[in-house]
Structures are given as structure tokens and as C-alpha cells.
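Asks: output the structure for:
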Amino acid sequence: YEAVKKQTAFIIRKSVEIYELSEKIRKDYHNTAYLSTLVKGCTENAKDITEGGAELNFVTIEGVCFATTIDSILAVKHLVYDTGEYTLVQLVSALKNNWKGQDIMRAKALNKCPKYGQDNDEADEIARDYMNFFSTETWKYRTKSTNRQFRPGMLSWNYWASAGFILPASPNGRKQGEFF
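Replies: Next comes the predicted model:
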């Protein structure tokens, strides 16, 4: 689980670095004068919205597929560490092969592991801890060029459900191509 947190911190930091590049380009080359007249703070600060003129100055890092993430953490914990039924190497191999030939392992991931949203104390605690970590990590950052504050957000809206085709199989039993 600590490895997941470490990777999450890395992804957040890289997201901030990449966003900073685009923020600087917008600030230097893509002012939006009309939009800025409609946003509180820009006129008062005599700054375009792309220069950090808005009264409320946030950039949101959106987390998606929260339940899939928590269920996957729980599946690894249960299948590899708690029961010892499988090694991490076996689970990774099953995921790389989209669960092909691993019907029993996949069935256990789908049906025997704790799940978020089912009134399971362990799942709820991991979900709470992970969300706190994600939030705390995100709040650490501001843009350098406009001093905008990064804030955490969570998108669990239905339009992300079909994005399963772009991500590989997940430890919770979902195959690549299946909805989240």
C-alpha cells in the first residue's frame, strides 16, 4: 500500500510539473481578455485570468476511478499478503495477460476480496486513508507562474465508466476493456 502512495505522489508531482509548462505558455501567449472581464478579481487586480488575476485561483487535480483503486488495493492485500494464495509475481502476470488463463484467481478477486461501498470497515478505512493522502499531497503545490493553488477533486461521474478500454486490467478483477 505504501508503494501505491509513493506512485500517487509521483503522479501528482509530475502532473504539477506538466501543468506548470502549459500554465506558463497560456500566461505568456494566450491571454483571454474577454473571459477575464467576466471573472471576479481580474479587473480589480489588473491581471488576465491566465496571469493569476482571478479572486479564486485554483487548479484541480481530478482523481478518477476511486472505487476501482480502493478495490484493487484491497484485492492485492487480500490475495497476496493476507491469504498468501498468490504471489505478487503471479498477480502481475495475470494482469499483464488480461486475466487470461486465470479464471479462478480472477473470480476470487471479483467475489472474495473486500470491496469499497459495501459497509466493510477495512475497505472504508483504506478509502479514507487514501483519500486523505491524495488530498494532502495535492494541496502541497502551487503554480510558479501564477501562484494558483492545486486542490484535490474526485470525478466518479458516469462518463469515466467506459474509459476502461484505455487502462490495463486491474487487480480487482476488471479486464481491460471493461467498464470501471
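
Asks: for the longest helix along the chain, packing partners?
Replies: Identified as the longest helix of the chain according to DSSP state H is helix 2-29. Counting contacts by 3 or more Cβ pairs under 8 Å, 6 or more residues apart in numbering; DSSP states H and E, helix 2-29 packs against strand 58-64, helix 121-139. For every residue, glycine as well, the C-beta is placed using N, CA and C.

Asks: what pLDDT is listed against the residue positioned nearest the centre of the chain?
Replies: By Cα atoms, centre = their mean, the chain has its centre lying nearest to residue 63, at 3.3 Å. Per-residue pLDDT puts residue 63 at 87.

Asks: mind listing what it touches?
Replies: For residue 63, the contacting residues are 69, 134, 152-155, by Cβ atoms under 8 Å, 6 or more residues apart in numbering.

Asks: as CSV, the helices and strands packed on helix 2-29 with distance to residue 76 would be great.
Replies: Below are the helices and strands packed on helix 2-29 laid out as CSV (distance: least, Cβ to Cβ, whole Å):
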stretch, distance to residue 76
strand 58-64, 19
helix 121-139, 11
